[in-house]
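Chemist: Sequence and computational prediction follow.
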Amino acid sequence: MVRIKHRYLLLNILYPDEKTQNVHHTGPTSTEDVPYALQFRQPSPDALNAKLLARMVRDAVAELFGDYGSGMVSGSLIVKYFSPATSTAIIRVARAHYRLVWAALTFMINLPKPLNQPCVMQVVRVSGTIRKAEEEAIRRARLAIRKAHRVGGDGITMGGVADQTGAVNEDEAIDMEDGIEDLDDDDEMEDDEE
Amino acid sequence: MFYDLNVPYSSSDAGLARTLNFSHELGYNVVALNYSIIGKLPNEIACAIPSPLPFKDLPSNLQVLTRCTLHLTETHQNARLLTLASHYDILALRPTDEKSLQLACSSLDCDIISLDLSIRHPFHFKHKMLMEAIKAGKKIEICYSQGMMGDSQARRNLIGNVSQIVRATRGRGLVISSEAKGAVGLRGPWDAVNLAAVWGLGQERGFEGVTKEARSAVVSAQLKRSGWRGTINVVYGGEKPAETVKTVVNEKGAAAAKQGMPTKAIMNGEVDAIAGTKRKAENEAAAGAVNGGEKLLSKTQMKKRAKLEKMAAEAKQKEQTEAVTTG
């Protein structure tokens, strides 16, 4: 039997608005002095969970593509992973329609009603297997923490991950010059999700 | 390298530093600040965007360009487009009707043609018209942010207009940029590429729209402003020799003396008298000094004279032979 092929979208939720403060800073830095990189990548509010995110995506698809879009997507759309601490999520969707979901994510400008925070969804990886998406998420989280250490200085304390000597240029490592889609590994790797 | 060639600038915008930082966070490397001029050009044209920008915490590896967008209307005079272009890195035109679009595509010299895609245009985009612009190196711009932040009507118009432009241009010469009024309207470069892919532009073309095409717009604009007609530029002109004209002439005189030219003329200061004239004139003057003041003949004149002399000689010979035969 031919299995259904999927795409896994790894996405970051960014908070560009200055009024959004989901985390309370302690220590010498006041809220105005928090570097931009940390303001944009702050944790998501507690009320936002995988279930709510799935509903948001469904609503966005329905708004942009109507009944046709939501019908096409509804069978396969699942939020596989969501971490409010890093504002990272992995969404699974059928390969034929992943662009619809991606476009709907691009059109999101707000978290829904009770939260009402301006947000930007950035898809950073499109992968044929969930393992690749996970690896990328871990790599990015590591880079983000390193960057936070660099720009935030002593005001931000994070436990145990400090690797100050890492000579990687974070910005270059995050760049995706060769595209963000793994299109070739769909068939080779064992996909145990089905 | 990702390019976003349209971030609106206004002097009262407090959130601009945040917007620039956010676009850097999303992965853009080059951002153009856009200053719009609606209506008549001001009398004194100057760049409205201060340089350097008055923000202290801009990311160091984000290149910020200046761009000016002039709104074109049918009645408007655009005589001073060149002076306007010289003050900004990029000059864009925003036609508002079919005639001004025709004008922008054909005759007006600009780098980017940026249509307002959130309104419904009462005309079709013609392939011929747009290709004329693209062949001349102008880019057509797609701004996605209005559809994102606006109501559903704006979004509908945006999608309709973009698919029309993609159809008319066959996906060639398109630049994707944001025109985001705030940080919330910005999207990552890959998100924009996917959006364009959903709207009918191929993935590759969309990728070129945020990278290659945008870069070519920036580079050709730069060339237009610095080089001669965008083709030739003086990279290093060398240093000027420090000697004065006088010494050069004296050297020439010495050289002439070496070549066996009449030394008398040099002694008499003839060469000094002809200082500053061209070499031909100099030679003529030198030769004239030898011939006793007679002007040197040109080659055609010499030939003419030689011919006349020859004819005269022939006639004489003929006469003589005739005289011999009769005699």
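Modeler: Everything's here; your move.
Chemist: For chain A, name the helix or strand with the lowest mean pLDDT.
Modeler: helix A:170-174 (a mean of 49; mean pLDDT, DSSP states H and E).
Chemist: Determine the longest strand present in chain B.
Modeler: In chain B, taking DSSP state E as the definition, the longest strand is strand B:63-72.
Chemist: Quick check: the nearest residue to A:Arg95 once chain neighbours are set aside vs B:Lys135, distance?
Modeler: Among residues not flanking A:Arg95 along the chain, A:Lys5 sits closest, at 4.4 Å (C-beta to C-beta, 6 or more residues apart in numbering or on different chains). For glycine as for every other residue, the C-beta is placed from the backbone atoms N, C-alpha and C. A:Lys5 sits 42 Å away from B:Lys135, going by C-beta to C-beta, to the nearest Å.
Chemist: and the residue of chain A found nearest chain B, which of the three is it?
Modeler: Of all residues in chain A, A:Pro16 sits closest to chain B, at 3.5 Å by C-beta to the nearest C-beta. State at A:Pro16, reduced to three classes by DSSP: H, G, I helix; E, B strand; the rest coil: coil.
Chemist: Identify the spatial nearest neighbour of it, chain neighbours not counted.
Modeler: Closest residue in space to A:Pro16, ignoring its immediate chain neighbours: B:Ala183 at 3.5 Å, by C-beta to C-beta, 6+ apart.
Chemist: same thing with B:Gly182?
Modeler: Distances taken as C-beta to C-beta, 6+ apart place B:Gly15 nearest to B:Gly182, at 5.7 Å, with adjacent residues excluded.
Chemist: who's in contact with the residue of the stretch 151-300 of chain B found nearest chain A?
Modeler: Nearest to chain A in the stretch 151-300 of chain B, going by C-beta to the nearest C-beta, is B:Ala183, at a distance of 3.5 Å. Residues near B:Ala183 by C-beta atoms under 8 Å, 6 or more residues apart in numbering or on different chains: A:16-17, A:120, B:15, B:18-19, B:22-23.
Chemist: Check A:Ala54 too.
Modeler: A:Ala54 makes contacts with A:77-79, as judged by C-beta under 8 Å, 6+ apart.
Chemist: rerun at 7 Å
Modeler: For A:Ala54, the contacting residues are A:77, A:79, by C-beta atoms under 7 Å, 6 or more residues apart in numbering or on different chains.
Chemist: Is it correct that it falls within a strand?
Modeler: No: secondary structure of A:Ala54 (three-state DSSP): helix, not part of a strand.
Chemist: For A:Glu63, see how far away it is.
Modeler: Distance from A:Ala54 to A:Glu63, by C-beta to C-beta: 15 Å.
Chemist: B:Gly185 is in contact with the residue of chain A closest to chain B, correct?
Modeler: No: A:Pro16 lies out of contact with B:Gly185 (C-beta atoms under 7 Å); the separation is 9.1 Å.
Chemist: With respect to B:Leu174, which of the contacts of B:Ala183 is nearest?
Modeler: B:Ser23 (19.6 Å; C-beta to C-beta).
Chemist: List only buried entries from the contacts of B:Ala183.
Modeler: Neighbour-count burial (16 or more other C-beta atoms under 10 Å in any protein chain shown) applied to the contacts of B:Ala183 gives A:16-17, A:120, B:18-19, B:22-23.
Chemist: Find the residue ranges of chain B scoring beneath the pLDDT cut-off.
Modeler: By pLDDT under 70, the weakly predicted segments of chain B are B:74-79, B:230, B:244-295, B:326-327.
Chemist: Now do the helices in it.
Modeler: B:16-26, B:81-87, B:98-106, B:127-135, B:145-149, B:152-169, B:189-198, B:203-210, B:212-226, B:245-258, B:263-267, B:270-273, B:279-290, B:299-326 (DSSP state H).
Chemist: Quick one: closest of the ones you listed to B:Asn61.
Modeler: Going by C-beta to C-beta, the one of those nearest B:Asn61 is helix B:16-26, 7.8 Å.
Chemist: hmm, the closest one in reach of chain A?
Modeler: Yes: using C-beta under 7 Å from any C-beta of the partner chain, helix B:16-26 reaches chain A at B:18, B:21-22, B:25-26.
Chemist: need the residues you listed in JSON lines with distance to B:Leu72, can you?
Modeler: Shown next, in JSON lines, are those (distance: C-beta to C-beta, whole Å):
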{"residue": "B:Arg18", "distance to B:Leu72": "31"}
{"residue": "B:Asn21", "distance to B:Leu72": "33"}
{"residue": "B:Phe22", "distance to B:Leu72": "31"}
{"residue": "B:Glu25", "distance to B:Leu72": "34"}
{"residue": "B:Leu26", "distance to B:Leu72": "31"}
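Chemist: residue contacts, residue 80?
Modeler: In the absence of a named chain, this looks at chain A. A:Lys80 is in contact with A:8, A:90-92, A:130, counting by C-beta under 7 Å, 6+ apart.
Chemist: hm, I was asking about chain B
Modeler: Contacts for B:Arg80 (C-beta under 7 Å, 6+ apart) come out as B:41, B:45.
Chemist: Show me where chain A dips below the pLDDT cut-off.
Modeler: Applying pLDDT under 70 to chain A flags residues A:20, A:22-33, A:151-194.
Chemist: Tell me the residues on it that lie near chain B, please.
Modeler: A:14, A:16-18, A:36-37, A:40, A:99, A:102-103, A:106-107, A:109, A:118, A:120, A:122-123, A:171, A:175-176, A:180.
Chemist: Select only the buried ones of the residues you listed in PyMOL?
Modeler: Burial among the residues of chain A next to chain B is assessed by 16+ other C-beta under 10 Å; the matching PyMOL selection reads:
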select buried, chain A and resi 14+16+17+18+36+37+40+99+102+103+106+107+118+120+122+123+171+180
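Chemist: Filter the residues of chain A next to chain B down to just the ones in helices.
Modeler: Reading helices off those with DSSP H, I get A:36-37, A:40, A:99, A:102-103, A:106, A:171.
Chemist: nearest to B:Met1, of those?
Modeler: For those, the nearest to B:Met1 is A:Asp171 (12.0 Å; C-beta to C-beta).
Chemist: picking that back up, now tabulate the helices of chain B in CSV and tack on distance to A:Ala85.
Modeler: Below are those laid out as CSV (distance: least, C-beta to C-beta, whole Å):
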stretch, distance to A:Ala85
helix B:16-26, 18
helix B:81-87, 48
helix B:98-106, 50
helix B:127-135, 48
helix B:145-149, 27
helix B:152-169, 33
helix B:189-198, 23
helix B:203-210, 31
helix B:212-226, 36
helix B:245-258, 78
helix B:263-267, 93
helix B:270-273, 90
helix B:279-290, 83
helix B:299-326, 93
